[in-house]
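Colleague: Just need the structure, nothing else, for what follows:
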Amino acid sequence: MKNIKFGFFLKSLNLYEIVSLSLIVLVEILIYYLKINQILLEAQKIIGSIILIILWWVPISTPLSEKFRNIYFSLLWLIICTLWLIIQEDFITSILPILIFIFIQIIRSAFKWIYKIEPIPLIISKSAIHRYSKVENRKSNLNDFGYSLTVFFICAFLSIVISKLINN
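Modeller: Next comes the predicted model:
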């Protein structure tokens, strides 16, 4: 693993990451195919909703955002979000994943600048669930819990505000 500036590192993707990211791309291509040929419109909406949840909600509420430190994973995620922006007709659902990705990168950089360590994203639940990060070689602490809550609440709030502004 080679560290580079701004909290990113270069590390080849493991098989699980390659398969999961490839699966998302294939599903986006399937949605595009269904949309062009106007077949299975109901299935297209259901599959599109699942992909939207994966691209928008999962990085907010799970430790997936820790993978965004890997430059290869981040670039592939950015490509996936860009494809989603092209495929989706609804502006709100198309722009939210890329905005969330950019916001998470900004808040992660701010956290690192303030605390001089990388945050360990936690799963948002009723109580604090701490985890150990092999990348950081440390156990999460209260600052990491605060980071995860901040990301969750600000992203959820921004999502609501953006949807209300665009719908009005």
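Colleague: Find the helix or strand that the residue positioned nearest the centre of the chain is a member of.
Modeller: For the chain, the residue nearest the mean C-alpha position is P59 (3.4 Å; CA atoms, centre = their mean). Using DSSP states H and E, P59 maps to helix 58-61.
Colleague: And that helix, what's buried?
Modeller: 59-61 (16 or more other CB atoms under 10 Å). Yep, even glycine has a C-beta here, placed from its N, CA and C like the rest.
Colleague: Downstream of it, the next helix or strand is which one?
Modeller: helix 71-87.
Colleague: average pLDDT across that following helix?
Modeller: In this model, helix 71-87 has an average pLDDT of 91.
Colleague: Which residues does that helix contact?
Modeller: Outside helix 71-87, the residues within contact range by CB atoms under 8 Å, 6 or more residues apart in numbering are 4, 8-13, 17, 21, 24-25, 28, 31-32, 35, 51-52, 55, 67-68, 94-95, 97-98, 101, 105.
Colleague: Can you tell me which of the residues you listed are buried?
Modeller: The neighbour count (16+ other CB under 10 Å) marks 8, 11, 17, 21, 24, 28, 31, 35, 51-52, 55, 67-68, 94-95, 97-98, 101, 105 as buried among the contacts of helix 71-87.
Colleague: Dump stretch 155-168 to CSV, keeping only the CA atoms.
Modeller: Provided in CSV are the C-alpha atoms of stretch 155-168 (Å, rounded to 0.1, in the frame of the first residue of the first chain):
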residue,chain,number,x,y,z
CYS,A,155,-26.0,14.2,4.3
ALA,A,156,-29.5,13.3,5.3
PHE,A,157,-30.3,17.0,5.8
LEU,A,158,-28.7,18.0,2.5
SER,A,159,-30.7,15.3,0.7
ILE,A,160,-34.0,16.6,2.1
VAL,A,161,-33.1,20.2,1.4
ILE,A,162,-32.0,19.4,-2.2
SER,A,163,-35.2,17.4,-2.9
LYS,A,164,-37.4,20.1,-1.4
LEU,A,165,-35.7,22.9,-3.4
ILE,A,166,-35.8,21.1,-6.7
ASN,A,167,-39.4,19.9,-6.2
ASN,A,168,-40.7,23.4,-5.5
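Colleague: ok, residues contacting that stretch?
Modeller: By CB under 8 Å, 6+ apart, stretch 155-168 touches 56, 60, 91-92, 95-96, 99-100, 103-104.
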